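Trainee: Based on what follows, work out the 3D shape:
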Amino acid sequence: MTPVASPSQTVSASPNLSEEKIQYVLLTFDGSYDLDMWEKSLEFARLQEQRQAPVHFTYFVSGVYFLPYKDRYTYVSPQGTGISSIGFAGDTQDVENRIYLINKALNEGHAIGAHANGHFDGSRWSMEQWNNELKQFETFLQNAQSTSGFNILSRIHGFRAPNLAINQAMYNVLASRSYSYDSSIAFDQPTLPYKSGEGIWEFPLARIAYNGDYSKKLIAMDYNFFVRQTNAQDILVRDTPQWNQFYEETVQSYRDYFYQQYNENRIPITIGNHFSLWNDGLYWDALKQFAYEVCGKSYVKCVTFEEVISDLNNNPL
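Mentor: The predicted structure is shown next:
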């Protein structure tokens with residue numbers, strides 16, 4: 001679906017809000033396996049650049065997607081050896097193609113973060129287990145990029161935990177491995193980025209109203225809409241009445257989330273997507289429509305976490 005102009009939105013800023021305060025919009029992907037989705041997302045960003053409404057994505061990549069299937073037993077997790085809940089890469093060429101596209105993304109202003117490896121719940125992991133998981137992530141990427149001649153590992157500074165499953169051990173290990181930001185925690189309302197006790201910038205996700213209904217709040221991620229709308233069943237067909245209804249409700253939920261902040265305190269907002277085109281691409285189309293509407297607005301920056309951190313170091317919120 002091609003994004004279209006949005007309905008008129010009334011902007012009535014709070015009298016305490018400086019009109020020049022930046023509204024940051026952080027649009028992210030988890031996992032990032034599918035090569036076609038790499039191409040689609042980068043092409044959309046190029047079109048936005050042509051519209052002078054740039055958007056820079058942050059891709060949280062899973063380490064197992066840099067490990068060819070034949071080498072899967074190289075991965076050792078608390079769940080076992082050679083086990084991943086999201087599979088592995090295909091062959092070596094598949095890995096090289098993914099590295100090529102990541103390098104292209106970095107060159108075009110996007111950012112890459114870590115999403116661990118096998119997408120397991122690490123909320124009960126020890127520091128040793130978290131350290132082993134992230135060390136393997138770095139090893140898988142280092143080995144993959146060496147085969148293709150690219151160097152991306154040094155550009156990875158952020159993290160999002162699979163299943164948003166966190167604990168103190170995770171934060172201790174992130175700090176020890178020099179990660180500078182995390183986006184794994186979800187709060188009941190939009191919250192300003194803050195530095196944890198370990199010195200890591202935390203960019204919380206928020207639970208937002210579903211289509212204006214605050215009694216049906218959900219985390220601003222496509223999977224949560226997928227669960228709410230079809231119980232995580234991939235059953236909708238594009239341009240049917242049900243698909244159109246849920247598409248409009250998803251976009252409107254994002255609009256409300258944005259305008260609540262844009263008209264009030266301009267707390268940065270974060271939306272999480274995956275490379276899975278659930279319900280016939282509904283959530284990818286909704287994200288595109290949302291980005292098309294807001295990323296060209298005055299005092300709005302659709303940027304990466306690293307770009308926000310750079311700004312915050314000079315001008316704290």
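
Trainee: Check which helices and strands the top strand by length along the chain sits against.
Mentor: Longest strand in the chain by number of residues (criterion: DSSP state E): strand 23-31. Helices and strands touching strand 23-31, by 3 or more Cβ pairs under 8 Å, 6 or more residues apart in numbering; DSSP states H and E, are strand 58-61, helix 241-262, strand 269-274, helix 278-294, strand 300-302, helix 305-314. C-beta: built from backbone N, CA, C; applies to glycine.

Trainee: Minimum distance to Ile156: which of these has it?
Mentor: strand 58-61 (8.2 Å; Cβ to Cβ).

Trainee: Need the pLDDT of Gly149.
Mentor: With respect to pLDDT, Gly149 has a value of 70.

Trainee: wait, which of the helices and strands packed on strand 23-31 is closest to Ser180?
Mentor: helix 305-314 (6.8 Å).

Trainee: returning to what we had before: winner for burial among the helices and strands packed on strand 23-31?
Mentor: Across those, averaging neighbours per residue (mean count of other Cβ atoms under 10 Å) puts strand 58-61 on top, at a mean of 24.

Trainee: Partner strands of that strand, with direction?
Mentor: Using DSSP bridges, strand 58-61 pairs in its sheet with strand 23-31 (parallel), strand 111-114 (parallel).

Trainee: Need these in TSV (columns: mean neighbour count and distance to Ile156).
Mentor: Below are these laid out as TSV (neighbours: other Cβ atoms under 10 Å; distance: least, Cβ to Cβ, whole Å):
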stretch	mean neighbour count	distance to Ile156
strand 23-31	24	14
strand 111-114	24	5
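
Trainee: Show me what the mean pLDDT comes to for the longest strand of the chain.
Mentor: For strand 23-31, the mean per-residue pLDDT is 97.

Trainee: Please state the offset of it from the chain centre?
Mentor: 5 Å (Cα atoms, centre = their mean, to the nearest Å).

Trainee: Could you do stretch 51-60 as well?
Mentor: Stretch 51-60 sits 12 Å away from the centroid of its parent chain (Cα atoms, centre = their mean).

Trainee: again, but for stretch 21-38
Mentor: Taking the mean of its C-alpha atoms, stretch 21-38 sits 5 Å from the chain's own mean (Cα atoms, centre = their mean).

Trainee: that older thread, the inter-axis angle of the longest strand of the chain versus helix 241-262?
Mentor: Relative orientation of strand 23-31 and helix 241-262, computed by axes from the mean of the first three to the mean of the last three Cα atoms, to 10 degrees: 140 degrees.

Trainee: Quick check: next helix or strand after strand 23-31?
Mentor: Sequence-wise, the next helix or strand downstream of strand 23-31 (DSSP states H and E) is helix 35-50.

Trainee: Quick one: list the elements packing against that next one.
Mentor: With contacts taken as 3+ Cβ pairs under 8 Å, 6+ apart, helix 35-50 sits against helix 92-107, helix 278-294.

Trainee: Including distance to Leu67 and mean pLDDT, could those go into a markdown table?
Mentor: As requested, these are exported to a markdown table (distance: least, Cβ to Cβ, whole Å; pLDDT from 0 to 100):
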| stretch | distance to Leu67 | mean pLDDT |
| --- | --- | --- |
| helix 92-107 | 8 | 95 |
| helix 278-294 | 25 | 98 |
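
Trainee: Sketch out the low-pLDDT regions of the stretch 201-317 of the chain for me.
Mentor: Residue ranges of the stretch 201-317 of the chain with pLDDT under 70: 317.

Trainee: what's near enough to touch Ala220?
Mentor: By Cβ atoms under 8 Å, 6 or more residues apart in numbering, Ala220 lies in contact with Leu205, Ala206, Arg207, Ile208, Ser253, Tyr254, Tyr257, Ile269, Thr270, Ile271, Gly272.

Trainee: rerun that using 7 Å as the cut-off
Mentor: By Cβ atoms under 7 Å, 6 or more residues apart in numbering, the contact set of Ala220 is Leu205, Ala206, Ile208, Tyr257, Thr270, Ile271, Gly272.

Trainee: And those residues, which is closest to Gln229?
Mentor: Ile208 (14.5 Å).

Trainee: quick one: which helix or strand includes that closest one?
Mentor: Ile208 belongs to strand 205-210 when assigned by DSSP H and E.
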